[in-house]
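Peer 1: Take this sequence and fold it.
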Amino acid sequence: MHVWVFGWRARLLLNATNRMCASSRMRRRKSGACPRAQAPFVLFFIACCFPNLLADQVKPIRRVVILNEVGVSYPLIDLIDEGIRSSLSDSPYQIEFYREYMETALFPDPADQQLFRDFYIRKYQNRRPDVIIAVGPSPLKFMIETHRQFFPGIPVVFCLPSRVPGHSITDPDFTGIESDIAPGLTLAAALHLIPGTKHVVVVGGTAPYDRGQQAEVKEQLQAYESRLDISYLTDVSLPSLLEYLKKLPNQTIVLLTPVGRDTTGRTFKSSEIGPLVMSAANAPVFSLTDRYLNHGEVGGDISSGIEQGKLAGKMVVRLLNGEKPKTIPSVSTSTTYTFDWKALKRWGLKEKDLPPGSIVVNRPFSVWDSYAEYIVGGIFLILLEALLISGLLWQRAQRRETNRALEERTIKLQAREALLKIFVKNVPAGVAMLDSDMRYLQVSDRWCADYGVDASQILGRSHYEGLPDMPEHWREIHRRALAGETLRADEERWDRKNGTIWVHWEVRPWLNFDGKPGGILILAEDITRRKQADEALSGISRRLIKSQEQERSRIGRELHDDINQRLALLAVELDRLGQSASTKDLHDRVQEFKGRVMEIATDVQGLSHQLHSSKLEYLGLAAAAKSFCREISEMHNVRIDFTQNGVPRNLPEEVALCLFRVLQEALQNAVKYSGADHFEVDLFGTSADIQLRVRDFGRGFSVNDAMKTKGLGLVSMRERVNLVKGEIVIKSKPMAGTEITVHVPVPIADRASEVTSGAA
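Peer 2: Reported below is the predicted structural model:
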């Protein structure tokens with residue numbers, strides 16, 4: 001038998017062959033060569049060069065005839081057929097199945113059966129099958145009697161739902177499966193579940209198949225007849241059977257065997273008998289095959305039709321592959337303890353009393369049974385995220401060690417790209433993962449935020465398209481990283497279109513399974529703010545030093561140009577005093593010198609007071625602030641309204657000094673720059689802090705602009721307040737005055753019991 005099936009590849013080759021013939025037609029005509037004579041050589045060339053081309057498209061055809069005892073309406077036939085199909089689904093052949101049915105339940109008359117036999121013999125005389133599967137005792141008997149005459153050399157696989165005595169198979173072309181039933185083991189399991197059982201009722205039919213199984217049941221139950229009342233309901237009509245099952249005595253169990261036909265000649269299927277028996281029986285029903293399950297039967301040591309079919313199918317595959325039947329021994333299928341969970345609950349039977357290894361079907365799914373894979377997956381993801389978070393925290397503390405550990409871990413995990421993408425996505429830093437062509441594989445959320453990109457839009461795109469304004473020399477860095485180098489820079493300036501930023505970057509390769517770089521990881525941290533803060537801090541330090549030097553210069557000028565000159569002049573005049581002749585003039589001059597010395601002492605005291613207030617140390621913040629306001633008022637001829645309330649005398653030294661210096665700076669700046677002649681100073685304490693408020697009604701200023709200037713007034717006030725964990729608020733607008741408010745927390749333990757109050 002030859003079957004030609006041309007796929008698209010074969011058609012392409014034939015078309016190419018036709019074109020070759022057409023293009024050389026003129027040459028062949030000139031040379032006298034026959035195109036038809038050259039075609040076999042072309043096909044031979046194709047077969048030699050492409051031996052698997054047509055083989056991939058065509059499977060050899062094999063015919064398998066399944067000869068069944070009964071029709072498809074019987075569940076057993078479907079179960080065995082399902083098993084056969086599952087075993088042949090992966091065979092290297094294209095299987096043509098031919099299903100035939102002898103219908104012994106519907107046509108038991110020998111004359112009718114002979115008609116079936118004659119028909120099948122004629123049908124397959126000229127269309128010989130490769131394998132015949134005989135399902136049931138009648139098909140097996142038919143094959144034994146006719147095989148050598150009408151089907152010589154064709155392997156036969158028999159599949160018997162139960163052992164059939166009396167058939168001696170000597171033909172070497174036969175092999176197959178017999179199904180064991182285990183009524184004895186089923187009854188033993190039933191007695192263990194229901195120890196008080198006294199009566200056993202065996203239900204069966206009158207069909208030949210039914211009688212065969214009943215014989216096996218009687219043989220295996222003989223050992224129990226001495227201690228149990230065993231009766232057989234096998235020769236009754238179905239109505240009588242059901243009526244009897246309704247009135248079973250207590251301590252009875254039912255053993256259900258096949259009921260293919262009753263005494264009236266009416267035929268039945270297992271799918272019909274099972275529900276009828278279960279609805280009528282007032283005692284637990286145990287069964288021997290999977291056809292009598294899932295209708296409410298308790299179960300038992302069950303024989304499976306699907307397993308029979310699978311074993312038969314495996315034998316067919318071996319036969320189609322060239323093995324001989326005589327080398328494939330016949331086998332018997334094993335039984336499995338199988339019980340219905342709903343039936344166990346109905347009759348109050350306990351699962352712990354079932355035989356070890358029993359299968360319980362129809363059990364309601366628990367939450368674990370329904371969602372086990374989701375629960376395990378969720379736990380795995382939680383553990384994975386916890387592991388990643390722990391790794392990131394460790395990375396902050398030991399960056400170099402973590403990078404080395406990450407490399408080792410990446411090698412140990414064989415550079416699993418999926419895990420690396422998860423890591424990159426969730427790392428709290430600007431990280432991008434790129435392949436060897438510099439296309440984005442994954443970016444972290446921080447990367448998107450720092451560089452203003454959307455991950456969904458840049459994944460798969462080139463790095464150079466996503467950041468077109470990057471410095472040109474970075475391309476060389478990327479090339480070196482792809483070659484295996486790890487490069488970094490603590491800080492580098494990047495002039496972008498929307499402004500200049502500073503970045504700390506590191507570029508390293510990530511490895512494939514073969515240990516070679518598959519791309520690069522870029523860690524780029526935007527340190528612009530830190531750089532600006534460092535520059536600002538450096539500027540403040542320079543301004544503080546400059547201010548310190550200016551203050552020293554001012555104090556030096558005060559001492560040299562004023563105090564020192566006045567003392568020198570006083571010394572000269574004292575020297576002249578000795579030359580005075582009049583006692584009256586001497587007394588007047590001494591009084592004059594005394595006044596001038598008092599003025600110098602007052603000026604020195606004022607200068608000292610500016611540097612350090614002794615009142616602050618001995619009398620407290622409230623007294624020192626009040627005295628300072630009075631001095632400024634008298635010195636500059638302005639009005640200062642000072643009020644204080646609830647201020648402890650013995651505040652912590654650092655708090656008192658901070659508030660006093662802020663008052664000095666704020667009030668001197670107000671007097672100097674506001675242009676006002678009226679000021680308010682409020683100092684009061686609450687249960688949680690000390691508050692200072694300095695207010696003027698002058699021209700005001702822009703706070704943001706003032707913070708950017710080279711002056712240190714506002715900056716020094718902020719720094720002093722920050723040192724004592726306080727808060728300063730500066731409110732000012734041009735031509736609307738200025739208000740500076742300071743809140744400094746003071747612990748309860750540091751609060752003094754004695755406070756002062758008053759106004760100046």
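Peer 1: going forward, measure contacts between C-alpha atoms and count neighbours the same way
Peer 2: Will do.
Peer 1: so what strands line up beside the lengthiest strand in the chain?
Peer 2: Counting residues, the longest strand found in the chain (DSSP state E) is strand 499-511. Paired with strand 499-511 in the same sheet, following DSSP bridges, are strand 487-496 (antiparallel), strand 517-526 (antiparallel).
Peer 1: Redo the ones you listed as JSON lines? Include mean pLDDT.
Peer 2: Compiled in JSON lines, those are given as follows (pLDDT from 0 to 100):
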{"stretch": "strand 487-496", "mean pLDDT": "83"}
{"stretch": "strand 517-526", "mean pLDDT": "84"}
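Peer 1: all helices for the stretch 51-200 of the chain, in order.
Peer 2: Secondary structure of the stretch 51-200 of the chain by DSSP state H, counting those that start in this stretch: the helices cover 75-88, 110-123, 137-150, 183-193.
Peer 1: any idea which of those helices scores lowest on pLDDT?
Peer 2: For those, mean pLDDT drops lowest on helix 75-88, to a mean of 85.
Peer 1: ok, and what's touching it?
Peer 2: 68, 70-72, 95, 269-271, 291, 305-314, 317 (C-alpha atoms under 8 Å, 6 or more residues apart in numbering).
Peer 1: What residues of it count as buried?
Peer 2: Within helix 75-88, the residues that count as buried by 16 or more other C-alpha atoms under 10 Å are 75-85, 87-88.
Peer 1: so what's F642 bridging to?
Peer 2: Counting by DSSP bridges, F642 forms beta bridges with V681.
Peer 1: pretty sure it contacts L692?
Peer 2: No. Counting by C-alpha atoms under 8 Å, F642 sits too far from L692 to count as a contact (10.8 Å).
Peer 1: any common contacting residues for those two?
Peer 2: 681-683.
Peer 1: Mark which of those residues are buried, thanks.
Peer 2: Using 16+ other C-alpha under 10 Å, the buried ones in these are 681-683.
Peer 1: now, which of the residues you listed sits nearest V277?
Peer 2: Closest to V277 out of the buried ones among the shared contacts of F642 and L692 is L683 (100.0 Å), distances taken as C-alpha to C-alpha.
Peer 1: got a pLDDT number for the closest one?
Peer 2: Confidence score, pLDDT, at L683: 93.
Peer 1: Same check on D301?
Peer 2: The model reports D301 with a pLDDT of 91.
Peer 1: quick one, strands of the stretch 601-750 of the chain?
Peer 2: For the stretch 601-750 of the chain, the strands defined by DSSP state E, counting those that start in this stretch occupy 639-648, 678-685, 689-696, 727-732, 738-745.
Peer 1: residues in contact with the fourth one?
Peer 2: Judged by C-alpha under 8 Å, 6+ apart, the contacts made with strand 727-732 from elsewhere in the structure are 700-703, 718, 721, 738-744.
Peer 1: among the strands paired with strand 499-511, which is nearest Y120?
Peer 2: Comparing the strands paired with strand 499-511 by their distance to Y120 (C-alpha to C-alpha), the top pick is strand 517-526, with 66.5 Å.
Peer 1: Touching, G698 and A676? I think so.
Peer 2: Yes. Counting by C-alpha under 8 Å, G698 touches A676, with 4.7 Å between them.
Peer 1: who has more neighbours, the two?
Peer 2: Between G698 and A676, counted using other C-alpha atoms under 10 Å, the more crowded position is G698 (22 against 17).
Peer 1: among the strands paired with strand 499-511, which is the most enclosed?
Peer 2: strand 517-526 (a mean of 22; mean count of other C-alpha atoms under 10 Å).
Peer 1: Please identify which of the shared contacts of F642 and L692 is nearest to S358.
Peer 2: L683 (87.7 Å).
Peer 1: so the closest one touches A624, yeah?
Peer 2: No. L683 lies out of contact with A624 (C-alpha under 8 Å); the separation is 11.5 Å.
Peer 1: thinking again about what came up before, need the strands of the stretch 601-750 of the chain in JSON lines with distance to R117, can you?
Peer 2: Below are the strands of the stretch 601-750 of the chain laid out as JSON lines (distance: least, C-alpha to C-alpha, whole Å):
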{"stretch": "strand 639-648", "distance to R117": "121"}
{"stretch": "strand 678-685", "distance to R117": "117"}
{"stretch": "strand 689-696", "distance to R117": "111"}
{"stretch": "strand 727-732", "distance to R117": "108"}
{"stretch": "strand 738-745", "distance to R117": "109"}
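Peer 1: which stretch among those comes nearest G460?
Peer 2: Nearest to G460, of all these, is strand 727-732, at 49.4 Å by C-alpha to C-alpha.
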